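J.: how would this look folded up:
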Amino acid sequence: MAQPKLNFTAEEKEQIKILKKKLNDMGEAGVIKKTKSINDCIKTFEILNLESSESTISNDQFPKIQNMNQGLFIVSDADEELIFLIDFGQEIDLESITFHAIQSAKEDEYSAPKDINLFIVDSLNKNFDDVKNAKPDKKLIGKKKKLIKGQTFSMKKKAKS
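T.: Numbers count the residues shown, from 1 in each chain. Below is the predicted model of the structure:
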């Protein structure tokens with residue numbers, strides 16, 4: 001039995017074309033495509049205690065940085081504490097994270113982070129009081145010499161033996 005010939009309007013043909021493209025772009029079900037950069041997954045990014053006038057990086061710029069260098073840095077506006085609030089918009093599998101710190105001529109004013117605490121939270125509506133009362137999901141210790149080159153921390157849990 002022969003298939004009837006379908007007659008679509010130009011608008012319907014365009015809609016079909018768009019839908020076919022969307023289906024092709026989706027990939028196979030269950031296949032997760034790796035992103036080129038974790039920055040591509042960032043939906044919202046905010047730094048609490050950021051001193052805008054002394055920092056060379058803003059909230060808008062930070063997630064877009066591909067290559068760290070000595071000219072890029074952030075400074076806290078009040079004390080040695082900063083909070084980075086990041087919403088990835090989707091669940092991610094973070095294998096490692098690298099922190100960089102520059103060596104400052106004003107070592108008494110500016111220093112590399114020593115204690116780095118990571119928290120997994122359900123909302124970015126957090127402040128310093130929330131952090132002080134919460135248990136970090138991961139505690140990291142920054143080493144000044146390693147941070148200058150970029151200190152990488154593994155996020156994977158070690159298997160118990």
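J.: quick check, Phe153 in a helix?
T.: No: using DSSP: H, G, I helix; E, B strand; the rest coil, the assignment for Phe153 is strand, not a helix.
J.: tell me the buried residues in stretch 113-133?
T.: Neighbour counts over stretch 113-133 (16 or more other Cβ atoms under 10 Å) mark Pro113, Ile116, Lys126 as buried. Every C-beta, even on glycine, is put in place using the N, C-alpha and C of the backbone.
J.: pull the residues that contact that stretch.
T.: Contact with stretch 113-133 is made by 44, 46, 48-49, 81, 83, 85, 87, 97, 99, 101, 134, 136-142, 147, 153, as judged by Cβ atoms under 8 Å, 6 or more residues apart in numbering.
J.: which of the residues you listed count as buried?
T.: So, of the contacts of stretch 113-133, Leu48, Ile83, Leu85, Phe99, Ala101, Leu140, Gly142, Leu147 end up buried under the neighbour-count rule (16+ other Cβ under 10 Å).
J.: what mean pLDDT does stretch 145-161 have?
T.: Summarised as a single mean, pLDDT over stretch 145-161 is 82.
J.: do a quick rundown of the helices in the chain.
T.: Under the criterion DSSP state H, the chain carries helices at the ranges 10-26, 128-132, 144-149.
J.: where does pLDDT dip in this structure?
T.: Applying pLDDT under 70 to the chain flags the ranges 1-6, 25-36, 105-108, 159, 161.
J.: tell me where it has strands.
T.: Ranges of strands in the chain, per DSSP state E, are 44-48, 83-87, 96-99, 115-118, 138-141, 151-154.
J.: much appreciated, bye for now.
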